[in-house]
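Asks: Mind folding the following:
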Amino acid sequence: MENRYINTLVTELNLEASQIAAVEKLLVEGATVPFIARYRKEATGSLDEVAVAAIRDRIAQLEQLDNRRNAIIESLNKHGHLTPELEKEVKAAETLSVLEDLYLPFRPKRRTRATKAREKGLEPLAQLIFAQEGKEPHAEAAAYLDADKGVETIDAALAGTRDIMAEWINEDGDARAGMRRLFLEKGVLKSSVATGMETAGAKYKNYFDWQEPISSAPSHRILAMLRGEKEDMLNLLIAPAEEDALALLRNRFVTGEGADAEQVGMAIADAYKRLLSRSMETEARLTAKERADEAAIKVFAENLQQLLLASPLGAMRVMGIDPGFRTGCKVVCLDRQGKLLHHDVIFPHGSEKMRVAAQEKVCSLCRDFNVQAIAVGNGTAGRETEGFVKGLALENVRTLLVNESGASVYSASEVAREEFPDLDLTVRGAVSIGRRLMDPLAELVKIDPKSIGVGQYQHDVDQQMLRASLDDKVMSCVNRVGVDVNRASVQLLTYVSGLGPRLAKNIVTFRNQNGPFTSRKQLTKVPRLGPKAFEQSAGFLRIPGADHPLDESAVHPESYHIAEAMADDLRCSLADLISNANFRRKINVENYVSEAVGLPTLNDIMAELSKPGRDPRESFKVFEFAQGVNKISDLMPGMTLPGIVTNVTAFGAFVDVGVHQDGLVHISQLADCFVKDPSTIVKVQQEVHVTVLEVDLERKRISLSMKKGQDGNRAVEKPKKRAPKKHVSGRSPKKARKTPVQGKAKKENTPFNNPFADLLKNR
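Replies: Numbers count the residues shown, from 1 in each chain. Prediction:
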């Protein structure tokens, strides 16, 4: 890596040069982010995954910038434009925008108005007028009249001259930089309804006449308006006040006061309206979109992490039920490893005869397969089916409602077809529901994250950026938890550090042919799993019950000798060291520090010895919705209900209260204090208590509040209003009149005026 990369990263990321160099070296050697963060702490100074990923991503951006820089230099040199001064400027450019501004005057382009004017021989006249030395433009233009070239009048000559000057103004790097700042800092995003779309675009009604500064517009509003424009429902414009833009250009280019300066002023106006404003608006759109994408993807990734790290029930014999009214409920019985043992159909919501038959069937299956827990999908008929099963009063059997978002996607996927080629889609869905209760992470990795039902505007953001971010998050979660190599699916193993689809498939094939793995060393016998892949993956793969006690821990095989030395020094076995805390208390880790191993690794080893292979996820807790509240019509304003957060967005959180329709807790209703970021208050899968504010049966919208002391639509306690300050005369000052931007933004703060709830997909 070039030294200037390191210097740039040191400044931007506030890290030591040695840390950045170490991470870059490990990445070049093929190390993954989880491996570097977990097993190379001495080299990186204990950088976490976030910091390591930031270094990786920024290096990639700088390399992309350098690739573009080299291409520009090659093009300039090829066409004879490269000078030592220009080359120096190009090499010094720190952003892609500056680089493109430098290249713009020399970029091969189609014939423009300025090109045609040059062909008519008007460039010398343009240079004369642009110098603004007091020349009389009309008198000077007379010398350039040429009927053969199409310059028949003085006005035509001056018009061509202004076209040339407008292009110079547009291609001036400093002018573009200043205009870019103006658009981003003072530009206003304006939205209006497209002609004739007042009715068809009703879901964008809040944006029919909307404006706000682009610098402060939140990501969800930007993405909503861009979607409305894409659907031809809205017209969008981003621009600062025109006078501010023209003043900026005049200050730079108008240097005189005569008639020639007036011509330059006219060229400035033309350059801005015809050229600069369009290109700057395009750049502002791209910048705003990129910023909105980053914010939306961050929200999505955080939500996905909470969902993936949801508490697992663990290895139990589970019955999974995919509920339904007309077509019945699909029932499956799974063993402790999630293997399908039996599947059937019951009709608990049909006639009395069908209901009795369903009761007998469920009771019989629970006895025959020693069912310990029943997982009921929370989709259509979910609450009704949950009530039916609980009414059976099955002894020692827990009944739990499971979020089934994405189960139907899995059931129709190639993964499901390979696993259950002869089963109906709904049976596959029931299997997914049952397994999701046992281990959410292991099952959710089989589903495209975009289909899981968290996030906002996931189909509108940059898909490549979204995929990379979500893959990073899934890999992080999988490696944080660790994987039982004898139970894991190909999809789960794919996300283990250093593996990937091919090696994951090879591991499962080897396991099927040779039986369960008995040691980590045995992994080296898997076809194509070489030393590098073993180094990267071994620490994240667990083998419960292995001969070597550390094979089921997160201690890397390269560090086994350290734990063995500790046991030898205490004259005990490794098993004793793990099971007996008294032995571990006698260890002074500083005695084992070496050039290759430092305190970070030693402390990690000690933590693993105390709880080998521990699951970092929280213990499973049983959650129950309010009894008797099964559908939206059961809700009444003022009700206080338990709920589960299903999605967190930039404008609030969606909460499942058990009525088949998530309610919205708007950001203004999340807490009694001001909330800037909802993710600081709630997380996906969090259990909360909410108060029903309003129910719109026609639009199926539920407005909820998490504020304390809610009574219907009013809080019991309201903050006391401060008395207005008085002037010396004793009169109260007049209230400041709200600007249109402030007034419109205020409107959004009521839950039912939120324009984004209807636009979220998968809700």
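
Asks: which residue is nearest the middle of this protein?
Replies: Closest to where the C-alpha atoms of the chain average out (CA atoms, centre = their mean) is Ile297, at 1.7 Å.

Asks: list the contacts for it?
Replies: 461-462, 465-466, 469-470 (CB atoms under 8 Å, 6 or more residues apart in numbering). C-beta coordinates here come from the backbone N, C-alpha and C atoms, glycine included.

Asks: Of those residues, keep whichever come out buried.
Replies: Neighbour-count burial within the contacts of Ile297 applies to 461-462, 466, 469-470; the criterion is 16 or more other CB atoms under 10 Å.

Asks: from the contacts of Ile297, which is closest to Asn251?
Replies: Asn251 has its nearest neighbour among these in Asp462, at 36.6 Å by CB to CB.

Asks: isn't the closest one right next to Asp293, touching?
Replies: Yes: contact criterion CB atoms under 8 Å: Asp462 and Asp293 qualify, at 4.9 Å.

Asks: how deep is Arg56 tucked in, by neighbour count?
Replies: Look at Arg56: counted by other CB atoms under 10 Å, it has 17 neighbours.

Asks: just checking, it touches Val23?
Replies: Yes: counting by CB under 8 Å, Arg56 does reach Val23; the two are 7.3 Å apart.

Asks: which neighbours do those two share?
Replies: In contact with both Arg56 and Val23: no residue, using CB under 8 Å, 6+ apart.

Asks: give the contact list for Met165.
Replies: Counting by CB under 8 Å, 6+ apart, Met165 touches 126, 129-130, 263-264, 267, 271.

Asks: Next, find the distance separating it from Glu171.
Replies: As defined by CB to CB, to the nearest Å, Met165 lies at a distance of 11 Å from Glu171.

Asks: Check Thr8 too.
Replies: For Thr8, the distance to Glu171 (CB to CB) stands at 27 Å.

Asks: More neighbours: which of these two?
Replies: Using other CB under 10 Å as the criterion, Thr8 and Glu171 rank with Glu171 on top: 20 against 17.

Asks: residues of stretch 273-280 that come out buried?
Replies: Within stretch 273-280, the residues scored as buried using 16+ other CB under 10 Å are 275-277, 280.

Asks: what distance separates it from the centre of its chain?
Replies: 32 Å (CA atoms, centre = their mean, to the nearest Å).

Asks: Quick check: mean pLDDT of it?
Replies: Averaged over stretch 273-280, pLDDT sits at 95.

Asks: do stretch 150-164 as well
Replies: pLDDT averaged over stretch 150-164 gives 95.

Asks: What is the burial count for Ala60?
Replies: Neighbour count of Ala60, defined by other CB under 10 Å: 12.

Asks: Tell me the secondary structure at Tyr560.
Replies: helix (DSSP: H, G, I helix; E, B strand; the rest coil).

Asks: Touching, it and Leu550? I think so.
Replies: Yes: contact criterion CB under 8 Å: Tyr560 and Leu550 qualify, at 5.6 Å.

Asks: ok, those two, which is more surrounded?
Replies: More crowded of Tyr560 and Leu550, by other CB under 10 Å: Leu550, with 23 against 18.

Asks: Local confidence estimate at the more buried one?
Replies: pLDDT, Leu550: 95.

Asks: which residues touch it?
Replies: With CB under 8 Å, 6+ apart, Leu550 has these contacts: 557, 560, 563, 574, 608, 612.

Asks: all helices for the stretch 151-300 of the chain, in order.
Replies: Using DSSP state H, counting those that start in this stretch, the helices of the stretch 151-300 of the chain run over residues 154-171, 173-186, 219-230, 242-253, 259-270, 277-308.

Asks: now stretch 326-339, how far from the chain's geometric center?
Replies: Using CA atoms, centre = their mean, the offset of stretch 326-339 from its chain centre is 33 Å.

Asks: again, but for stretch 617-629
Replies: 27 Å.

Asks: Quickly name whichever of the buried residues of stretch 273-280 is closest to Leu65.
Replies: Met280 (20.9 Å).

Asks: okay, now the nearest residue to the closest one once chain neighbours are set aside: neighbour count?
Replies: Nearest in space to Met280, with sequence neighbours left out and distances taken as CB to CB, 6 or more residues apart in numbering, is Phe183 at 4.7 Å. Per other CB under 10 Å, the neighbour tally for Phe183 reads 27.

Asks: Could you verify my assumption that Phe183 touches Ala241?
Replies: No: judged on CB under 8 Å, Phe183 makes no contact with Ala241 at a distance of 11.1 Å.

Asks: Excluding chain neighbours, what is closest to the residue nearest to the centre of the chain?
Replies: Leaving aside its sequence neighbours, Ile297 sits nearest to Ser469 (CB to CB, 6+ apart; 4.9 Å).

Asks: How about Gln132?
Replies: Gly256 (3.4 Å).

Asks: Equivalent analysis for Ala565, please.
Replies: Per CB to CB, 6+ apart, closest to Ala565 is Tyr592, 6.7 Å.

Asks: can you map out the strands along the stretch 551-700 of the chain?
Replies: Along the stretch 551-700 of the chain, counting by DSSP state E, counting those that start in this stretch, strands occupy 640-649, 652-656, 663-666, 687-696.

Asks: Can you add distance to Asn486 and give the ones you listed back as TSV?
Replies: Below are these laid out as TSV (distance: least, CB to CB, whole Å):
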stretch	distance to Asn486
strand 640-649	32
strand 652-656	35
strand 663-666	42
strand 687-696	33
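
Asks: Packed most tightly, which of those strands would that be?
Replies: strand 663-666 (a mean of 27; mean count of other CB atoms under 10 Å).

Asks: ok, it: who's next to it in the sheet?
Replies: According to DSSP bridges, strand 663-666 forms sheet pairs with strand 652-656 (antiparallel), strand 701-705 (parallel).

Asks: could I get that strand in PDB with only the CA atoms?
Replies: Provided in PDB are the C-alpha atoms of strand 663-666 (Å, rounded to 0.1, in the frame of the first residue of the first chain):
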ATOM      1  CA  GLY A 663     -48.300  -0.700  14.300                       C
ATOM      2  CA  LEU A 664     -46.000   2.400  14.000                       C
ATOM      3  CA  VAL A 665     -44.400   4.100  16.900                       C
ATOM      4  CA  HIS A 666     -43.400   7.300  15.300                       C
END
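
Asks: Give me the distance from that strand to the chain's centre.
Replies: That offset, for strand 663-666, works out to 20 Å (CA atoms, centre = their mean).

Asks: Then stretch 154-161?
Replies: Centre-to-centre, stretch 154-161 and its host chain are 53 Å apart (CA atoms, centre = their mean).

Asks: who's in contact with it?
Replies: With CB under 8 Å, 6+ apart, stretch 154-161 has contacts from 113, 116-117, 120, 122, 125-126, 129, 137-138, 141-142, 144-145, 150-151, 263, 267.

Asks: Now do the contacts for Asp293.
Replies: With the criterion set at CB under 8 Å, 6+ apart, Asp293 makes contact with 219, 223, 461-462, 465-466.

Asks: switch the cut-off to 7 Å
Replies: 461-462, 465 (CB atoms under 7 Å, 6 or more residues apart in numbering).

Asks: now swap in Lys330 and tell me
Replies: 322, 343, 345, 426-427, 430.

Asks: Tell me which entries of these lie within strands.
Replies: Per DSSP state E, strands hold the following members of these: 322, 343, 345.

Asks: Skipping its backbone neighbours, what lies nearest Gln458 in space?
Replies: Per CB to CB, 6+ apart, closest to Gln458 is Lys450, 5.0 Å.

Asks: Buried residues, stretch 284-295. List them.
Replies: 284-285, 287-289, 291-293, 295.

Asks: In TSV: the residues you listed, plus distance to Leu86 and pLDDT.
Replies: TSV is the format used below for the buried residues of stretch 284-295 (distance: CB to CB, whole Å; pLDDT from 0 to 100):
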residue	distance to Leu86	pLDDT
Ala284	27	95
Arg285	29	95
Thr287	26	94
Ala288	31	94
Lys289	31	94
Arg291	31	93
Ala292	35	93
Asp293	33	93
Ala295	37	90
